[in-house]
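What follows is a predicted protein model with its sequence.
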Amino acid sequence: MLFKMPPPVTKDYAERMGYDAEFNGANTTNCHFSLFGKPELTKAWESGKRRGAEAKQKDMAHKAIG
């Protein structure tokens with residue numbers, strides 16, 4: 001069995017995964033424990049999650065109008 005290593009976790013990556021978790025739903029990639037290994041990574045993930053919530057709200061409003 002081949003195990004694929006996840007990419008290195010940076011603040012940018014953690015933020016993108018938080019966004020993805022909110023906008024597309026949680027999964028084992030965007031909620032992986034390595035994203036929460038340091039306080040600054042957790043903060044970045046939460047920031048991305050907030051951005052995802054805002055984008056999701058705008059997307060839903062746009063769909064309701066159009």
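Perfect, thanks for sending it.

the helices in the protein, which residues?
Ranges of helices within the chain are 11-24, 39-65, based on DSSP state H.

Flag every buried residue along the last one.
By that I understand helix 39-65. Taking 16 or more other Cβ atoms under 10 Å as the basis for neighbour counts, the residues of helix 39-65 that come out buried are 41, 44-45, 48-49, 51-52. To be clear about C-beta, it is placed using only N, CA and C from the backbone, and glycine gets the same treatment.

Who are the packing partners of it?
Counting contacts by 3 or more Cβ pairs under 8 Å, 6 or more residues apart in numbering; DSSP states H and E, helix 39-65 is packed against helix 11-24.

could you give the mean pLDDT of the helix it packs on?
pLDDT averaged over helix 11-24 equals 96, rounded to a whole number.

Then stretch 29-41?
Rounded to a whole number, the mean pLDDT of stretch 29-41 is 95.

Quote the end-to-end distance of that stretch.
Its start and end residues considered, stretch 29-41 measures 15 Å (Cα to Cα, to the nearest Å).

and it, how far from the chain's centre?
Distance of stretch 29-41 from the chain centroid (Cα atoms, centre = their mean, to the nearest Å) equals 10 Å.

Buried residues, it. List them.
Within stretch 29-41, the residues that count as buried by 16+ other Cβ under 10 Å are 30, 35, 41.

With distance to Leu2 added, can I get the helices of the chain in CSV?
Rendered in CSV, the data for the helices of the chain read as follows (distance: least, Cβ to Cβ, whole Å):
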stretch, distance to Leu2
helix 11-24, 22
helix 39-65, 26
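
To Phe3, which of the ones you listed lies closest?
When these are compared for distance to Phe3 using Cβ to Cβ, the nearest one is helix 11-24, at 19.1 Å.

So which elements touch the closest one?
Under the contact rule (3+ Cβ pairs under 8 Å, 6+ apart), helix 11-24 is packed against helix 39-65.

what's the angle from the helix it packs on to helix 11-24?
Orientation note: helix 39-65 sits at an angle of 30 degrees relative to helix 11-24 (axes from the mean of the first three to the mean of the last three Cα atoms, to 10 degrees).

Fine by me, thanks again.
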